[in-house]
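[1] sequence-free structure coming up:
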């Protein structure tokens, strides 16, 4: 048990619908990351927060994607107007500032867009 | 951009045999390097990391990796495979001056009884 929880674990939606994923990090961690993983690929970086500030966003994060971390605690990742290409596993991870690279991952939220 | 390369998406190894997973990085400056493991239906977890303190790094579950600057490599080994080692293994890098992990494509390890 890594301590990072993600909800929902599975989401099936129709193309064009909006979906939101939630991540609760380990409480003492001030960094929170979102990654996306598709079959046969390693996790791809999407964005990360230090406390409530979103410090970096990948080019993969189109305008349809938005992430927030209000009050520096949990985070949400919203995908608007979903497309079939958005089908993937969305991973959340957290870490402390000191141990950069030592990320603690949740089990992921699997999105299927029909 | 700095990255890592893992060759051979699927690796089959007999129980008790050596596990060898190859990882090469592209960087003129030695980065921070990591191996992560993902067991079925679990989140990724850190196996070991290299941060320039020692070239031979020991991790959990009997795994170790050796950093070789001359070969720009960070291969993962385990002397004797166990059935419980069946998982997907990812090499990852944090480029110098960066704050995020970049992962390789991964190796799916199958252990044959």
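    The structure has been received and is ready for your questions. The model shown is predicted, which means the values in this text are computed figures rather than measured ones.
[2] which stretches of the chain have low pLDDT?
    I'll assume chain A. A:1-2, A:99 (pLDDT under 70).
[3] meant chain B actually
    Applying pLDDT under 70 to chain B picks out residues B:1-2, B:28-30, B:96.
[4] What are the buried residues along stretch A:58-72?
    By 16 or more other CB atoms under 10 Å in any protein chain shown, the buried positions in stretch A:58-72 come out as A:58, A:61, A:65, A:66, A:67, A:69, A:72. Bear in mind the C-beta positions are built from the backbone N, C-alpha and C, glycine included.
[5] and the residue of chain A nearest chain B?
    residue A:42 (3.4 Å; CB to the nearest CB).
[6] just to revisit the earlier point, rebuild the buried residues of stretch A:58-72 as CSV, extending it with distance to residue B:95 and secondary structure.
    Listed next are the buried residues of stretch A:58-72 as CSV, based on distance: CB to CB, whole Å; DSSP: H, G, I helix; E, B strand; the rest coil:
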residue, distance to residue B:95, secondary structure
A:58, 14, coil
A:61, 19, coil
A:65, 23, strand
A:66, 26, strand
A:67, 22, strand
A:69, 24, coil
A:72, 26, helix
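[7] now those in TSV, with distance to residue B:7?
    Shown next, in TSV, are these (distance: CB to CB, whole Å):
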residue	distance to residue B:7
A:58	25
A:61	29
A:65	31
A:66	36
A:67	33
A:69	37
A:72	40
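[8] which one of those is nearest residue B:27?
    residue A:58 (19.5 Å; CB to CB).
[9] where's the closest one relative to residue B:67, distance?
    Between residue A:58 and residue B:67 the computed distance is 27 Å (CB to CB, to the nearest Å).
[10] Residue A:108 touches residue A:6, doesn't it?
    Yes: the criterion here is CB atoms under 8 Å, and residue A:108 meets it with residue A:6 at 6.1 Å.
[11] Which helix or strand contains the residue minimising distance to the centre of chain B?
    Centroid-nearest residue in chain B, with CA atoms, centre = their mean: residue B:35, separated by 3.6 Å. If you go by DSSP states H and E, residue B:35 is part of strand B:32-38.
[12] Buried residues, the helix or strand following that strand. List them.
    Sequence order places strand B:45-50 as the next helix or strand after strand B:32-38, per DSSP H and E. Residues of strand B:45-50 classed as buried: B:46, B:47, B:48, B:49, B:50 (neighbour count, 16+ other CB under 10 Å).
[13] Same list, those residues, but only the ones touching chain A.
    Near chain A, judged by CB under 8 Å from any CB of the partner chain, the entries from the buried residues of strand B:45-50 are B:46, B:49.
[14] ok, so of the buried residues of strand B:45-50, who is nearest residue B:99?
    Taking CB to CB as the measure, residue B:99 lies nearest residue B:49 of the buried residues of strand B:45-50, at 15.1 Å.
[15] which residues sit in contact with the closest one?
    Counting by CB atoms under 8 Å, 6 or more residues apart in numbering or on different chains, residue B:49 touches A:101, A:102, B:32, B:33, B:34, B:35, B:57.
[16] any idea how far the residue of chain B found nearest chain A lies from residue A:28?
    Nearest residue of chain B to chain A: residue B:103, at 3.4 Å (CB to the nearest CB). Separation of residue B:103 from residue A:28 (CB to CB): 25 Å.
[17] Since that was my last question, I'll sign off now.
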